[in-house]
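**Student:** Pasting the sequence and the predicted model now:
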Amino acid sequence: MNIASLLGRAAKLTPGRIAVFDGTAPVWSYAAWGSLAARLAGGLVENHGLRPGDRVALVMRNCPDYLALLFACWRAGLVCVPVNAKLHAREIAHILDDSAAALVFVTADLAGTVSEALDFIQQRQPPVVAIGSRDHRALAQSDEAAERDVAAGDPAWLFYTSGTTGRSKGAVLTHRNLRAMTLGYLAEVDTVSPGDCILHPAPLSHGSGLYALPHVAGMAAQVVPESGRFDPAELASLLRSHRGCAFFAAPTIVTRLMSAGVIGDAEHAGLKTIIYGGGPMYVEDSRHALEVFGQRLVQIYGQGESPMTITVLPRSLHEDVGDGMLDHRLGSVGYAQAIVSLRVAGGDGATLPAGEIGEVLVRGDSVMSGYWNNPEATAAALRDGWLHTGDLGSLDEHGLLTLKDRSKDVIISGGVNIYPREVEEVLLLHPAVAEVAVFGRRHPDWGEEVVAALSLHEGASVATAELDALCGAHIARFKKPKHYRFFDALPKNSYGKILKTELRRQAD
Ligand code: AMP
C-alpha cells in the first residue's frame, strides 16, 4: 500500500473539505490538494525523469507546498528526504551526498545555504528547484500521474538522524513504517475527526511532518503557521481561530508556550491535544502544563528509527486519581504502543526484570528497515530482530517505561539532539586544543545548553571567539557551545576516559 493513498481516499470521500490552511487562510480543499499532488507527481517524472526509488530532498521551511511535495513524491514512488532546515551547509551537503538526492526543493530563505552546500559536493550535484519558481510551477501543470504501486517494504522517507560517530545516518522508513505509525497514533495517541486540525509549529522534517499522516487518514485539516515556525502569540491566535487542534511539541516548546502566558479560556476552546516528546519532560514542568492546558496532554517516546512510535503516556494517565503515583507516571514515558513490542535488556541481550535499568529494545512494524547504505550501522542497531535504541530505561511492574539517560551523553537543546562528538571533533581541529569534552547543562528555556570543557597544549592560548568561528565554519549554529571552561587537564577515570558526569556535576 502506497502511503499516498490516504490523500487519494480523502480527496474522493470529502473533496470539498478544506484540507490545508496557511494560518487562517484556506489554501486547498482535499480535492485540490489531491489533484496538485498528482500533477506534481506527474511533473517529477516527466520534467525531471525521476524513477521509482529516486530520492528527493526537501530543504524547506514549513509551508503548504511541503505537504504537497511529500504526497507527490510518494504518489510517484519516490523517496522523500526531509532535511532539518537549521543544519549547516556542510551537514546538508552530507545528506544530499549520502542519499544521492536526484532533486532538491528549496524555499527562498534557504536558497543560500543550499547553494553553499552544493559547493561541498564534488560529484553529482543535484538540480535544485526553488519553491514558487517557473520550474516549480511547471510541475503543477503536468497531467495527473496515477498512484505508483509500491511494496509495503519500499522506502518512503529517509529520516536523517545524527550519529554518535558524528556522521548523520538515514533511517529508512518504509510505507509500512509510516502506515504503522499512523495506525498507532489513531489507536492510542489521539482521535482524529473531520473538523479537527493539526497545527505545524514544529518542523515538518521531523515529528510534525509525520503527524500530518494520521490527520490525512482522519480527513482533518493541516494548519501551517504563516511564520512557518513556533511563535507563541501566533500559535495562541491559531487556537482561537481553529477548532479541535492538536500539535506536536518538544517539551521545551511546551515550557516556552507556558512562560509566554498566552494560553487562557479562549485558546482552550480550540485546543484538543498537545502531543509532547522527543526529549525529557521534567515532572515539575508536566505538573505546570496540566495546570495551564488541563487534560489535553499526551506524551510519546519515539526516535527516527521507530518514528514517534515506541511508547505513549495517554491523557488518562496524566490524571491525578489520588493513588499517589501521578509523579511516577509523569516521570515515565508511558507504556509500549500496541503496535510494537518492547523490552529492556542487559548487555548480554537478556530481558531484565521490572525495576532494572538496561537498553530499550523495540520490535514491530514501525521499526525502520535499516540505515541507508550503511550496513555496519544497520547491523549494530537491528540485532536479532530488535531495534537497539541506545536509550537506557527501566520498566515498572505495570509496564510503564522510565528513561534514565539516553546513551548518556546526547544533549537535547530546544528539542533538538546535539551529539557531543560532532562538536568535539570540530573543536579539536584548533591547534591549541589538547582535550575536549562537550556536554549538556540544564537550561530553563532550552532543556539543556551546550558546554565545552577544554584543556590546551602547554604554552598555547586561544580566544573563545576563535573557537566560535571554528564551529561557525563547520556545524549548525545551535550546536555551538554557549560556554567554554578551561582545565589544566580534564578529569578522567582509571581507563583514561574523560568523566563527563564529573564535568556535568561541576558545571551545575
Ligand atoms: P530523534 O531520533 O531525533 O527523534 O531522537 C530520539 C531520541 O530522543 C530518543 O532516542 C530519546 O533518547 C529521546 N526522546 C524521544 N522522546 C522522548 C521522551 N518522551 N522522553 C525522553 N526522551 C525522549
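**Tutor:** Yep, it's here.

**Student:** tell me the mean pLDDT for stretch 100-109?
**Tutor:** Averaging pLDDT along stretch 100-109 gives 98.

**Student:** Quick check: end-to-end length of it?
**Tutor:** When the termini of stretch 100-109 are compared using C-alpha to C-alpha, to the nearest Å, they are 23 Å apart.

**Student:** How far away from the center of its chain is that stretch?
**Tutor:** 19 Å (C-alpha atoms, centre = their mean, to the nearest Å).

**Student:** Give me the residues contacting it.
**Tutor:** For stretch 100-109, the surrounding residues in contact (C-beta atoms under 8 Å, 6 or more residues apart in numbering) are 44, 48, 50, 54-61, 63, 65, 69, 81, 95-96, 114, 124, 126-132, 136. Every residue, glycine included, has its C-beta placed from N, CA and C.

**Student:** Just the residues you listed: which are in strands?
**Tutor:** Among the contacts of stretch 100-109, the residues falling in strands (DSSP state E) are Arg55, Val56, Ala57, Leu58, Val59, Val81, Val128, Val129, Ala130.

**Student:** What pLDDT is listed against the residue lying closest to Leu70 once chain neighbours are set aside?
**Tutor:** Leaving aside its sequence neighbours, Leu70 sits nearest to Cys80 (C-beta to C-beta, 6 or more residues apart in numbering; 5.6 Å). Reading off the per-residue confidence, Cys80 sits at a pLDDT of 98.

**Student:** same thing with the one 10 residues further on?
**Tutor:** pLDDT, Arg90: 91.

**Student:** Wasn't it part of a helix?
**Tutor:** Yes: looking at Arg90 with DSSP: H, G, I helix; E, B strand; the rest coil, it is inside a helix.

**Student:** Can you list the buried residues in the host helix or strand of Gly440?
**Tutor:** Assigned by DSSP states H and E, Gly440 belongs to strand 433-443. Taking 16 or more other C-beta atoms under 10 Å as the basis for neighbour counts, the residues of strand 433-443 that come out buried are Val433, Ala434, Glu435, Val436, Ala437, Val438, Phe439, Gly440, Arg441.

**Student:** Throw those residues into a markdown table and include distance to the ligand and pLDDT, thanks.
**Tutor:** As requested, the buried residues of strand 433-443 are arranged in a markdown table below (distance: C-beta to the nearest ligand atom, whole Å; pLDDT from 0 to 100):
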| residue | distance to the ligand | pLDDT |
| --- | --- | --- |
| Val433 | 28 | 90 |
| Ala434 | 31 | 85 |
| Glu435 | 26 | 83 |
| Val436 | 23 | 88 |
| Ala437 | 20 | 90 |
| Val438 | 17 | 92 |
| Phe439 | 15 | 92 |
| Gly440 | 12 | 93 |
| Arg441 | 17 | 92 |
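
**Student:** hmm, back to that, could you dump the ones in strands among the contacts of stretch 100-109 to JSON lines with distance to the ligand and neighbour count?
**Tutor:** Conversion of the ones in strands among the contacts of stretch 100-109 to JSON lines gives the following (distance: C-beta to the nearest ligand atom, whole Å; neighbours: other C-beta atoms under 10 Å):
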{"residue": "Arg55", "distance to the ligand": "19", "neighbour count": "24"}
{"residue": "Val56", "distance to the ligand": "21", "neighbour count": "26"}
{"residue": "Ala57", "distance to the ligand": "18", "neighbour count": "26"}
{"residue": "Leu58", "distance to the ligand": "17", "neighbour count": "24"}
{"residue": "Val59", "distance to the ligand": "18", "neighbour count": "26"}
{"residue": "Val81", "distance to the ligand": "15", "neighbour count": "28"}
{"residue": "Val128", "distance to the ligand": "26", "neighbour count": "20"}
{"residue": "Val129", "distance to the ligand": "27", "neighbour count": "22"}
{"residue": "Ala130", "distance to the ligand": "28", "neighbour count": "16"}
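
**Student:** re earlier: any idea how far the ligand is from the residue nearest to Leu70?
**Tutor:** Using C-beta to the nearest ligand atom, to the nearest Å, Cys80 is found at 16 Å from the ligand.

**Student:** So that residue is in contact with Cys73, correct?
**Tutor:** Yes: with contacts counted by C-beta atoms under 8 Å, Cys80 reaches Cys73, the gap being 4.8 Å.

**Student:** Need the overlap of contacts for these two.
**Tutor:** Shared contacts of Cys80 and Cys73, defined by C-beta under 8 Å, 6+ apart, are found at Val56.

**Student:** Arg176 reaches Val150, doesn't it?
**Tutor:** No: under the criterion of C-beta under 8 Å, Arg176 lies out of contact with Val150, with a separation of 10.0 Å.

**Student:** Among those two, which residue is more densely surrounded?
**Tutor:** When Arg176 and Val150 are compared for neighbours, Val150 comes out ahead with 23 against 19, by other C-beta atoms under 10 Å.

**Student:** List the contacts of the more buried one.
**Tutor:** Counting by C-beta under 8 Å, 6+ apart, Val150 touches Met1, Asn2, Pro52, Gly77, Ala156, His175.

**Student:** Just name whatever secondary elements the following helix or strand past the strand holding Gly440 is in contact with.
**Tutor:** Downstream of strand 433-443, the first helix or strand assigned by DSSP H and E is strand 447-456. Helices and strands touching strand 447-456, by 3 or more C-beta pairs under 8 Å, 6 or more residues apart in numbering; DSSP states H and E, are strand 411-413, helix 420-427, strand 433-443, strand 483-487, helix 500-507.

**Student:** what angle separates the third one from helix 420-427?
**Tutor:** Read that as strand 433-443. Between the axis of strand 433-443 and that of helix 420-427 there is an angle of 140 degrees, by axes from the mean of the first three to the mean of the last three C-alpha atoms, to 10 degrees.

**Student:** Equivalent analysis for the fourth one, please.
**Tutor:** When the same axes, to 10 degrees is applied, the directions of strand 483-487 and helix 420-427 differ by 70 degrees.

**Student:** distance of the residue nearest to Trp28 when sequence neighbours are not counted from Trp446?
**Tutor:** Sequence neighbours aside, Val20 is the residue nearest to Trp28 in space, at 4.7 Å (criterion: C-beta to C-beta, 6+ apart). When distances are taken as C-beta to C-beta, to the nearest Å, Val20 and Trp446 turn out to be 31 Å apart.

**Student:** Repeat that for Arg421.
**Tutor:** Distance of Arg421 to Trp446, computed by C-beta to C-beta: 20 Å.

**Student:** neighbour count winner among the two?
**Tutor:** A direct count of neighbours by other C-beta under 10 Å for Arg421 and Trp446 places Trp446 higher, at 22 against 17.

**Student:** which residues does that one contact?
**Tutor:** For Trp446, the set of contacting residues under the criterion of C-beta under 8 Å, 6+ apart consists of Thr252, Ser413, Gly414.
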